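1. A predicted structure for the sequence below; I have some questions about it.
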Amino acid sequence: MSMESIYLAIPLASLVGAILAGFFGKQIGRAGAHWVAILGVGTSFALSCLVLKDVAFDGAPIFNQSLYTWMVSDGIRFEIGFLIDSLTALMMVVVTSVSLMVHIYTIGYMHDDPGYQRFFSYISLFTFSMLMLVMSNNFLQLFFGWEAVGLVSYLLIGFWYTRDTAIYANLKAFLVNRVGDFGFLLGIAVIVMYTGSLDYYEVFDRADRMVTATTQVIPGIDWAVITLACILLFVGAMGKSAQVPLHVWLPDSMEGPTPISALIHAATMVTAGIFMVARMSPLFELSETALSVVIIIGATTAFFMGLVGIVQNDIKRVVAYSTLSQLGYMTVALGASAYSAAIFHLMTHAFFKALLFLAAGSVIIAMHHEQDIRKMGGLKKYMPITYWVSLAGTLALIGFPGFAGYFSKDAIIVATQNATVPGAGYAYVMVLLGVFVTAFYSFRMFFLVFHGDERMDQHTKEHLHETAPVVTIPLILLAIPSVIIGWLTIEAILFGDFFDKAIFTLSEHGSMAAVAEIFDGPFNFVKHSVFSVPTYLAAAGVGAAWFIYLKKPSIAEWGKEKFRFIYNLLDQKYYFDRFNEIVFATTSRGIGHVFWRLGDALVIDGLVVNGSARFVGWVSGVVRHVQTGYLNHYAFVMITGLILLLGWAVLG
């Protein structure tokens, strides 16, 4: 089989699984649906590993070819094609490996759900969409994958469509992403306008045209076109990767089943924005203003969304806010021109975040679908496997030395400290404080769920037990990379030549050079943690959570009452939802009502539809009086008409 055939088979295998499970679900049954979906994604994973080996170890040249041309318009080619380099290969393996674990886990989590086949079809389609996105070599296919993951996320968040909360959540996700996607589409339009191409490499080669050109977004103020294009592209990333203020959809996405929460938050959808900015590094590197916007938005998200996680009591929402915060870390790395660190954290985060979500799902199953951590406690003795894998995932999340999250997060912090882009100082403070916050809310959840008093009801307690192997095996398989993947890959990804041909960085943006100075092998990098501030902040966060929630629980209630304003601010998520409800939703509904009254009710219904009907009725009422049915009336009219015609003829 040629490599081109392998590249084509990778996304199509998942698509075939989705089609078979979706359209033929009744014929093949529940077991048939999960087998075709798992075989499809499993094939995609195996072939992706082969591609990564080919790229990373065998030194295969970059594959950049179009498969077919869809349309040519005014010299611009609209094509479907693949770009396979080290960045693509790594993303393909991350997406397919996490998706495969989620597929297997779903057998246990969704086994009683009536929409079993439909769910497997959706998650396989989700995987196909993300693969098309990361494998694209042009903006057309990128946009196709971009919109496809948005569509499938809408279907999956609202999977339980009989719940009002699920319908509200998927509509919210869809609308917020439309805002980001509008900016993304405008960014692509600017690029096409100034470069005349949709192909990545052609755009990168012609980027100097955008550097020298200016435009006026606001009359009288000149904008560099490259800055405008990059900021508009980043608006799209803000929607997909849930950065402030377009973050509001992500916590509500928890209304979908837990497997899709893991897939959205770990390997697909939210990572699309991070990947896109890294792929567009040859453009972003040419605009310091755009990088400054990126690093400030990322830092704000990393710290302030982490704070909201402290007051959450739904087990899935705590993990969701940790996703927002960690996406902020990745965005900070992008703004600091540490693109390799951002992708490295994307990879490590995919494993331990999928692990944490699926572990939360294991707890939810055991707790009979109870998600409030205040009604849990002491689960360690009932669920030992879930306990230990959750501990591994939590330690990776807080960046505990030696775990996967430590290697990637510490690299981001050091790179940010040494970045020169405006806003880097603010970002460094935010990501540093975020370390304490992450450790605090992560172990708050861990202690409340697995330690302390047993706060569940007696019926739940009597039936508590470890979940089935089909659930725990994916947890164990995800826990392994959550612990060791950093040791195995940090040197190649961050300090080797792995991304040399995939990511472009200007020599003056040398934040990663500072990280390289303190790196002398993975073991010494871990030894460096003994003297690093983030390690002490993480330890302080764990210690504070242990003391407040296990030793002196009264402190939590005291703090809640003492700092009621701050608690309410965090509990209301900084009132973003309220603001959107009042300013956008209410205003839009009000404007719509006005247009309905003036346009629909008055003009269309009043004048056009009902008005024309009333006019025809009136004319008919007048005309029907002419038809009396009396012969003498008709004779009189005919004679009168004849006289008038004769008079007109004679006089004329």
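-> Perfect, thanks for sending it.
2. all contacts plus neighbour counts: C-alpha atoms, from now on.
-> OK.
3. now find how far off-centre stretch 483-499 is within its chain.
-> 25 Å (Cα atoms, centre = their mean, to the nearest Å).
4. which residues touch that stretch?
-> Residues outside stretch 483-499 that contact it (Cα atoms under 8 Å, 6 or more residues apart in numbering): 56, 86-87, 340-341, 344, 348, 392, 396, 402-408, 512, 516, 521-523.
5. roughly how far apart are residue 159 and residue 591?
-> Using Cα to Cα, to the nearest Å, we find residue 159 at a distance of 31 Å from residue 591.
6. actually residue 141, not the one I typed
-> According to Cα to Cα, residue 141 and residue 591 sit 36 Å apart.
7. quick one: which of the two has more around it?
-> More crowded of residue 141 and residue 591, by other Cα atoms under 10 Å: residue 141, with 22 against 12.
8. report the buried members of the contacts of stretch 483-499.
-> Neighbour counting with 16 or more other Cα atoms under 10 Å marks 56, 86-87, 340-341, 344, 348, 392, 396, 402-408, 512, 516, 522 as buried within the contacts of stretch 483-499.
9. if you look at those, which of them are in strands?
-> Taking DSSP state E, every one of these sits outside strands.
10. give the contact list for the nearest residue to residue 427 once chain neighbours are set aside.
-> In space, residue 427 comes closest to residue 299 once its chain neighbours are excluded; the distance is 4.8 Å by Cα to Cα, 6 or more residues apart in numbering. Taking Cα under 8 Å, 6+ apart, we find residue 299 in contact with 328, 329, 331, 332, 426, 427, 428, 430, 431.
11. hmm, try it at 10 Å
-> In this structure, residue 299 makes contact with 243-244, 305, 325, 327-333, 335, 423-424, 426-432, 434, judged by Cα atoms under 10 Å, 6 or more residues apart in numbering.
12. quick one: average pLDDT of the helix or strand containing it?
-> Taking DSSP states H and E as the criterion, residue 299 maps to helix 288-309. Averaged across helix 288-309, pLDDT comes to 95.
13. please export the C-alpha coordinates of it as CSV.
-> Coordinates of each C-alpha in helix 288-309 appear next as CSV, following Å, rounded to 0.1, in the frame of the first residue of the first chain:
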residue,chain,number,x,y,z
GLU,A,288,4.1,41.1,17.4
THR,A,289,0.7,42.8,18.0
ALA,A,290,-1.1,39.6,17.2
LEU,A,291,1.3,37.6,19.5
SER,A,292,0.6,40.1,22.3
VAL,A,293,-3.1,39.7,21.9
VAL,A,294,-2.7,35.9,22.0
ILE,A,295,-0.5,35.9,25.1
ILE,A,296,-2.8,38.3,27.1
ILE,A,297,-6.0,36.4,26.2
GLY,A,298,-4.4,33.1,27.1
ALA,A,299,-3.0,34.3,30.5
THR,A,300,-6.4,35.8,31.4
THR,A,301,-8.1,32.5,30.7
ALA,A,302,-5.5,30.4,32.4
PHE,A,303,-5.8,32.2,35.8
PHE,A,304,-9.3,33.5,36.0
MET,A,305,-11.1,30.4,34.7
GLY,A,306,-9.0,28.3,37.1
LEU,A,307,-10.4,30.4,40.0
VAL,A,308,-14.0,29.5,38.9
GLY,A,309,-13.1,25.8,39.3
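14. wait, residue 215 touches residue 228, no?
-> Yes - applying Cα atoms under 10 Å, one finds residue 215 in contact with residue 228, separated by 8.6 Å.
15. with neighbour numbers in mind, choose between the two.
-> The residue with more neighbours, out of residue 215 and residue 228, is residue 228; 23 against 15, by other Cα under 10 Å.
16. skip the chain neighbours and tell me the closest residue to the more buried one.
-> Nearest non-adjacent residue to residue 228, counting by Cα to Cα, 6+ apart: residue 187, 7.5 Å away.
17. which SS class is the one you found?
-> Three-state call for residue 187 (DSSP: H, G, I helix; E, B strand; the rest coil): helix.
18. tell me the pLDDT at it?
-> Taken from the predicted model, the pLDDT recorded for residue 187 is 95.
19. residues in contact with it?
-> With Cα under 10 Å, 6+ apart as the criterion, the residues that contact residue 187 are 181, 193, 225-226, 228-236.
20. repeat that with 6 Å
-> Counting by Cα atoms under 6 Å, 6 or more residues apart in numbering, residue 187 touches 229, 232, 233.
21. and the gap between it and residue 236?
-> 9 Å.
22. tell me the angle the host helix or strand of residue 435 makes with helix 288-309.
-> Secondary-structure assignment from DSSP H and E places residue 435 in helix 424-450. Comparing the axes of helix 424-450 and helix 288-309 via axes from the mean of the first three to the mean of the last three Cα atoms, to 10 degrees yields an angle of 30 degrees.
23. what does the helix or strand following helix 424-450 contact?
-> As assigned by DSSP H and E, the chain's next helix or strand after helix 424-450 is helix 458-462. Where contact means Cα under 6 Å, 6+ apart, no residue beyond helix 458-462 reaches it.
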